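> when you get a sec, could you give me coordinates for this:
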Amino acid sequence: MKTIELNISGMTCDACVGHVTKGLQSVSGVQNVSVDLASKTATVAGESFDVSQLVKAIEEEGYGASEDIGTSPSEKAAQTKAENIPLSSEGCSCCE
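Predicted coordinates:
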């Protein structure tokens, strides 16, 4: 099974997570999707899928995406801990 992690931009609330999840699940070959608001990432697993189609599906939902290249899990954990995550939905396009 192939697994990839994508960085997602523009997510600010649980509704955003739902939109991104729905978009990724619509891509042919995707079997499992996990989207994390705090780290702003999506992990996608499946037998075969095209990364460009994953990015396109996310963009069609109104968000940005890029492949996570070169960040080790420990670096990512340090970055996530250092971030200040806002609890407001102000500016969230899906909640307006």
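> who are the neighbours in contact with Lys22?
Residues in contact with Lys22 (Cβ atoms under 8 Å, 6 or more residues apart in numbering) are Glu61. The way it works is simple: take the backbone N, C-alpha and C, and place the C-beta from them, glycine included.
> helix/strand/coil for it?
helix (DSSP: H, G, I helix; E, B strand; the rest coil).
> state the distance from Val44 to Lys56.
Distance of Val44 to Lys56, given as Cβ to Cβ, to the nearest Å: 13 Å.
> repeat for Ser9
15 Å.
> these two: who's more crowded?
Remark: of Ser9 and Lys56, Lys56 carries more neighbours, 14 against 10, as counted by other Cβ atoms under 10 Å.
> wait, is that one part of a helix?
Yes. According to three-state DSSP, Lys56 belongs to a helix.
> please give the element, helix or strand, for the residue nearest the centre of the chain.
Closest to where the C-alpha atoms of the chain average out (Cα atoms, centre = their mean) is Ala42, at 3.3 Å. Under the criterion DSSP states H and E, the helix or strand holding Ala42 is strand 41-46.
> for that strand, buried residues please.
Thr41, Ala42, Thr43, Val44, Gly46 (16 or more other Cβ atoms under 10 Å).
> touching, Ala42 and Val20? I think so.
Yes. The pair Ala42 / Val20 is scored as a contact, 6.0 Å apart, by Cβ atoms under 8 Å.
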